[in-house]
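A.B. asks: just need the structure, nothing else, for what follows:
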Amino acid sequence: MAALVGTLVALVPIVAGITLYNRLVQLRNIFKNAFAQIDVQLKRRYTLIPNLVETAKGYLKHEAETLEAVIKARGSAMAGLSAASANPADPAALQQLSSAESMLTGALGRLMAVAEAYPDLKADQTMMQLSEELASTENRVAFARQAYNDAVLSYNNACQTFPSSIVASAFAFIEAEPFAIDNEDHRIAPQVSFA
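C.D. replies: Now for the predicted structure:
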């Protein structure tokens, strides 16, 4: 009987450790999946941008610098997304994406501000449709980012709280970075309505 009790007492920490380890793996997978949703929405956004630029190009002949800035910012954002998608737990990759997204949002905002000055462009059906799709995508990105940040918070809490912090430390579970936008001015999605 004493041997059975001794065995059970020895098994409790092992079972608890396995349970905590599995919970950390689940939480890490949840935040990685949440990042995958951001990935989908940002790729959709990046697909819309060249069409938006092409539509605007015919009207904004004297605004080539603005159009080039949007294309350049899109390229940087795509590179940042590629790096972050490879490992959403990498803080440097997420920071690179965050900075690139901030630049892209600023460039799109400038494009929309310039486009406001061209009534023919504002009235163009393709431009209106693309603008509406872009605004919808911006909202989806915001929701996906919030879901990701919530998942990161749960994961980080598990990594920091006792007793799971012991397992996290033993098995090198590193804290994840939330996905934030660098520039306060860019936290609001650009207004792209031409109605």
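A.B. asks: going by C-alpha atoms from here, please, whenever you check contacts or count neighbours.
C.D. replies: Noted.
A.B. asks: other SSEs contacting the helix or strand residue 48 falls within?
C.D. replies: Assigned by DSSP states H and E, residue 48 falls within helix 2-57. Applying 3 or more C-alpha pairs under 8 Å, 6 or more residues apart in numbering; DSSP states H and E, we find helix 2-57 packed against helix 64-86, helix 125-160, helix 164-170.
A.B. asks: which among these is found nearest to residue 2?
C.D. replies: Ranking the helices and strands packed on helix 2-57 by proximity to residue 2 (C-alpha to C-alpha) places helix 164-170 first, at 29.0 Å.
A.B. asks: which elements pack onto the closest one?
C.D. replies: helix 2-57, helix 125-160.
A.B. asks: neighbours of residue 63, how many?
C.D. replies: Neighbours of residue 63 under the rule other C-alpha atoms under 10 Å: 14.
A.B. asks: if I look at it, how far off is residue 113?
C.D. replies: To residue 113, residue 63 is 11 Å away according to C-alpha to C-alpha, to the nearest Å.
A.B. asks: in stretch 130-140, what counts as buried?
C.D. replies: Neighbour-count burial for stretch 130-140 flags 130-135, 137-138, 140 (criterion: 16 or more other C-alpha atoms under 10 Å).
A.B. asks: now swap in stretch 81-93 and tell me
C.D. replies: For stretch 81-93, by 16+ other C-alpha under 10 Å, it's 81, 83-85, 88-91, 93.
A.B. asks: and if you look at stretch 31-46?
C.D. replies: 31-39, 41-42, 44-46.
A.B. asks: could I get those residues as a markdown table with pLDDT and distance to residue 55?
C.D. replies: As requested, these are exported to a markdown table (pLDDT from 0 to 100; distance: C-alpha to C-alpha, whole Å):
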| residue | pLDDT | distance to residue 55 |
| --- | --- | --- |
| 31 | 96 | 37 |
| 32 | 96 | 35 |
| 33 | 96 | 34 |
| 34 | 96 | 33 |
| 35 | 96 | 31 |
| 36 | 96 | 30 |
| 37 | 96 | 28 |
| 38 | 96 | 26 |
| 39 | 96 | 25 |
| 41 | 95 | 21 |
| 42 | 96 | 20 |
| 44 | 95 | 17 |
| 45 | 95 | 16 |
| 46 | 96 | 15 |
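A.B. asks: just these now: which is nearest residue 21?
C.D. replies: Using C-alpha to C-alpha, those come closest to residue 21 at residue 31, 15.7 Å.
A.B. asks: residue 146 is in contact with the closest one, correct?
C.D. replies: No. Residue 31 sits out of contact with residue 146 when judged by C-alpha atoms under 8 Å, with a separation of 11.0 Å.
A.B. asks: now the one helix or strand residue 114 maps to: buried residues?
C.D. replies: Secondary structure assignment for residue 114, by DSSP H and E: helix 91-115. Neighbour counts over helix 91-115 (16+ other C-alpha under 10 Å) mark 91, 93-112, 115 as buried.
A.B. asks: most centrally placed residue in the protein?
C.D. replies: Nearest to the mean C-alpha position of the chain, by C-alpha atoms, centre = their mean, lies residue 38 at 4.5 Å.
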